[in-house]
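A.B. asks: Based on what follows, work out the 3D shape:
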Amino acid sequence: MKAILRSTTAATLLPVAILLAGAASAAPAADRPVDIGKLEYESACATCHGLSGKGDGPVAPHLTARTPDLTILARDNRGVYPFDRVLKTIDGTVELKSHGTRQMPVWGRIFRQQSSIYLDTYPPPDADSAARSRMLALTEYLYRLQAK
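C.D. replies: Numbers count the residues shown, from 1 in each chain. Below you'll find the predicted structure:
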């Protein structure tokens, strides 16, 4: 497997990831509803894609491929947000060969693994449904990031 980092070590990037994850997990104000899609984005995507989605996250300069600007997905698809393609990219069920090797984590697998740690509870949650809910919320949040 090709390393996704240039000459920078993962240990150097770990504090950045922890900082962003800590910011994402901060408790929301009691008077505002929780934006699950935004929380998922901030914890899973912002380190590479940046908080604005423009591909300017703190880890982006250290990747071998340019991090995509997620705010122009609709623009690049004739003005239509490619909801299904985005969802399948997050899930890992679709990979665009023209983009070369996949550097982005397969979040579907990660979300399913995270959900499965609760399978000893009663009633046991459906790991696939829990993961899909998170991916749908994330995909919808990316829709809201699209440039006007």
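
A.B. asks: What's the first helix or strand after the helix-or-strand element of the chain with minimal mean pLDDT?
C.D. replies: Within the chain, judged by mean pLDDT, DSSP states H and E, the helix or strand with the poorest mean is helix 10-24; its value is a mean of 48. Per DSSP states H and E, the first helix or strand lying C-terminal to helix 10-24 is helix 36-44.

A.B. asks: Output that next one in PDB with nothing but the alpha carbons.
C.D. replies: Provided in PDB are the C-alpha atoms of helix 36-44 (Å, rounded to 0.1, in the frame of the first residue of the first chain):
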ATOM      1  CA  ILE A  36     -25.200  15.300  13.100                       C
ATOM      2  CA  GLY A  37     -23.900  15.800   9.500                       C
ATOM      3  CA  LYS A  38     -21.700  18.700  10.600                       C
ATOM      4  CA  LEU A  39     -20.400  16.800  13.600                       C
ATOM      5  CA  GLU A  40     -19.600  13.800  11.300                       C
ATOM      6  CA  TYR A  41     -17.900  16.100   8.800                       C
ATOM      7  CA  GLU A  42     -15.800  17.900  11.500                       C
ATOM      8  CA  SER A  43     -14.600  14.600  13.000                       C
ATOM      9  CA  ALA A  44     -14.100  12.500   9.800                       C
END
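
A.B. asks: Please point out which parts of that helix sit buried.
C.D. replies: 37-44 (16 or more other C-beta atoms under 10 Å). In short, each C-beta sits where N, CA and C put it, glycine included.
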